[in-house]
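Participant: build the 3D model from these lines:
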Amino acid sequence: MYNRQEQKPKPLKEGKIYQIEGKIYLIDQVEYNKTYAFLLDENNQPHGRRRILGSLKNKEVIEI
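Facilitator: Numbering: from 1, shown residues only. Next comes the predicted model:
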């Protein structure tokens, strides 16, 4: 009855660098409902621990 446009999240590729909501991430592993990534510093080096990214449905995702 309702005609809503639903945007599917963009498929992320492992080993690529993306800017998500203003932060730069290196995608490590993509699963069905989880995406693992490392946060990168200003020299594009991994900083800190591996993180689980939540839903990317309403977030701005830019491939670098």
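Participant: what's the burial count for residue 43?
Facilitator: When neighbours are defined as other Cβ atoms under 10 Å, residue 43 has 6 of them. Yep, even glycine has a C-beta here, placed from its N, CA and C like the rest.
Participant: correction: residue 60
Facilitator: Residue 60: 9 neighbours (other Cβ under 10 Å).
Participant: list phi and psi for the nearest residue to it once chain neighbours are set aside.
Facilitator: Closest residue to residue 60 apart from its sequence neighbours, by Cβ to Cβ, 6 or more residues apart in numbering: residue 21 at 6.1 Å. The phi/psi pair for residue 21 (degrees, to the nearest 10) reads phi 50, psi 40.
Participant: isn't residue 21 right next to residue 62, touching?
Facilitator: No: using Cβ atoms under 8 Å, residue 21 is not in contact with residue 62; the gap is 9.9 Å.
Participant: next one: residue 53 from residue 36, what distance?
Facilitator: Going from residue 53 to residue 36 by Cβ to Cβ, to the nearest Å gives 8 Å.
Participant: what about the two, which has more around it?
Facilitator: residue 53 (19 against 16).
Participant: where does the prediction get shaky in this structure?
Facilitator: 1-10 (pLDDT under 70).
Participant: can you give me the strands for it?
Facilitator: For the chain, applying DSSP state E gives strands covering 17-20, 23-30, 35-40, 46-53, 61-63.
Participant: for the third one, packing partners?
Facilitator: For strand 35-40, the elements it packs on are strand 23-30, strand 46-53, judged by 3 or more Cβ pairs under 8 Å, 6 or more residues apart in numbering; DSSP states H and E.
Participant: tell me the angle that strand makes with strand 46-53.
Facilitator: For strand 35-40 against strand 46-53, the angle by axes from the mean of the first three to the mean of the last three Cα atoms, to 10 degrees is 150 degrees.
Participant: with just CA atoms, put strand 35-40 into PDB.
Facilitator: Output in PDB follows, covering the C-alpha atoms of strand 35-40 (Å, rounded to 0.1, in the frame of the first residue of the first chain):
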ATOM      1  CA  THR A  35      31.500  -5.400   8.800                       C
ATOM      2  CA  TYR A  36      34.900  -5.400  10.500                       C
ATOM      3  CA  ALA A  37      37.200  -2.500   9.900                       C
ATOM      4  CA  PHE A  38      40.200  -0.600  11.200                       C
ATOM      5  CA  LEU A  39      40.100   3.100  11.800                       C
ATOM      6  CA  LEU A  40      43.000   4.900   9.900                       C
END
